[in-house]
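S.K.: sequence first, then the predicted structure:
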Amino acid sequence: EPEVTQTPSHQVTQMGQEVILRCVPISNHLYFYWYRQILGQKVEFLVSFYNNEISEKSEIFDDQFSVERPDGSNFTLKIRSTKLEDSAMYFCASSGQFNEQFFGPGTRLTVL
Amino acid sequence: SQQGEEDPQALSIQEGENATMNCSYKTSINNLQWYRQNSGRGLVHLILIRSNEREKHSGRLRVTLDTSKKSSSLLITASRAADTASYFCATDSGGGADGLTFGKGTHLIIQP
């Protein structure tokens, strides 16, 4: 069964450093998403991406964040200058036509 | 406003019993989806129900949707120890790249 994959599974970085989180969505899906979950809290929507551009973004997705689909398979989330409060689990998701979203296993980001 | 609030926050039952979790939301929705999350792991898609549907089944899962009450329920029949997890509802208001709004989840414990 096709699934969303994410790398790395765990990323540790120093405050102020840039990180890139990578995702490979399900191959025939058209819509891609990033979410985050701070420990013990709700899953929060960050951004959606369709047709090589951002479709929707939340208030959390400020200028420190960017997304890219650099090739036909990868979808990346970049955080330019990490802060302590960026520590969270980051989930990538993808969907086909009817917004049935399938999530990857997540990347746990720890900012020291 | 808070969308997708589940209750109860925690539920502990004996193996073999049925588990019912509820979700309420405040604004109009297009779809409502239920997800399972084992501790510290990824989100597993369980079922999607559209706003024009009232009930949907998948294996031991039964989901109902009452748009007049802005609520949904997830019933797991004949529970197993492996069903122990957190369960979340997530809503969207339409559009192919619409981000999901998650609730805080119900933590379900199945006692062997």
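M.R.: Great, that's in hand.
S.K.: as a check, name the ranges of all strands in the chain.
M.R.: Assuming you mean chain A. Per DSSP state E, chain A carries strands over the ranges A:5-7, A:10-13, A:19-24, A:31-37, A:43-50, A:53-57, A:65-68, A:75-79, A:88-95, A:102-103, A:107-111.
S.K.: wait, I meant chain B there
M.R.: Listed in chain order, the strands of chain B (DSSP E) span B:5-7, B:10-14, B:19-24, B:31-37, B:43-50, B:55-58, B:61-66, B:71-76, B:85-92, B:101-102, B:106-111.
S.K.: could you dump these into CSV and include mean neighbour count?
M.R.: All C-beta atoms are positioned from the backbone trio N, CA, C, and that covers glycine. Converted to CSV, the strands of chain B look like this (neighbours: other Cβ atoms under 10 Å in any protein chain shown):
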stretch, mean neighbour count
strand B:5-7, 18
strand B:10-14, 13
strand B:19-24, 20
strand B:31-37, 23
strand B:43-50, 18
strand B:55-58, 12
strand B:61-66, 18
strand B:71-76, 20
strand B:85-92, 24
strand B:101-102, 23
strand B:106-111, 18
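S.K.: residue A:31 is nearest to which of the ones you listed?
M.R.: Within the strands of chain B, the stretch nearest residue A:31 is strand B:85-92; the backing value is 11.1 Å (Cβ to Cβ).
S.K.: report the contact partners of residue B:56.
M.R.: Residue B:56 makes contact with B:47, B:48, B:49, B:62, B:63 under the criterion Cβ atoms under 8 Å, 6 or more residues apart in numbering or on different chains.
S.K.: okay, and the beta partners of the third one?
M.R.: With DSSP bridges applied, the residues forming beta bridges to residue B:49 are residue B:32.
S.K.: give the contact list for it.
M.R.: By Cβ under 8 Å, 6+ apart, residue B:49 lies in contact with B:31, B:32, B:33, B:55, B:56, B:63, B:64, B:65, B:72.
S.K.: for the first one, same thing?
M.R.: Counting by Cβ under 8 Å, 6+ apart, residue B:47 makes contact with B:33, B:34, B:56, B:58, B:61, B:63, B:74.
S.K.: can you list those in CSV and add pLDDT?
M.R.: Shown next, in CSV, are those (pLDDT from 0 to 100):
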residue, pLDDT
B:33, 95
B:34, 96
B:56, 97
B:58, 95
B:61, 98
B:63, 98
B:74, 97
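S.K.: name the nearest of the residues you listed relative to chain A.
M.R.: residue B:33 (7.0 Å; Cβ to the nearest Cβ).
S.K.: I'd say the closest one and residue B:44 touch.
M.R.: No. Applying Cβ atoms under 8 Å as the test, residue B:33 and residue B:44 come out as separate, 11.1 Å apart.
S.K.: quick check, nearest of the contacts of residue B:56 to residue B:9?
M.R.: Using Cβ to Cβ, the contacts of residue B:56 come closest to residue B:9 at residue B:63, 19.4 Å.
S.K.: how close does the closest one get to residue B:46?
M.R.: 8 Å (Cβ to Cβ, to the nearest Å).
S.K.: what's the overlap in contacts for those two?
M.R.: Joint contacts of residue B:63 and residue B:46 (Cβ under 8 Å, 6+ apart) are B:34, B:74.
S.K.: residues near residue B:28, how many?
M.R.: By other Cβ atoms under 10 Å in any protein chain shown, 11 other residues sit near residue B:28.
S.K.: now it: how far from residue B:68?
M.R.: Counting by Cβ to Cβ, the gap from residue B:28 to residue B:68 is 12 Å.
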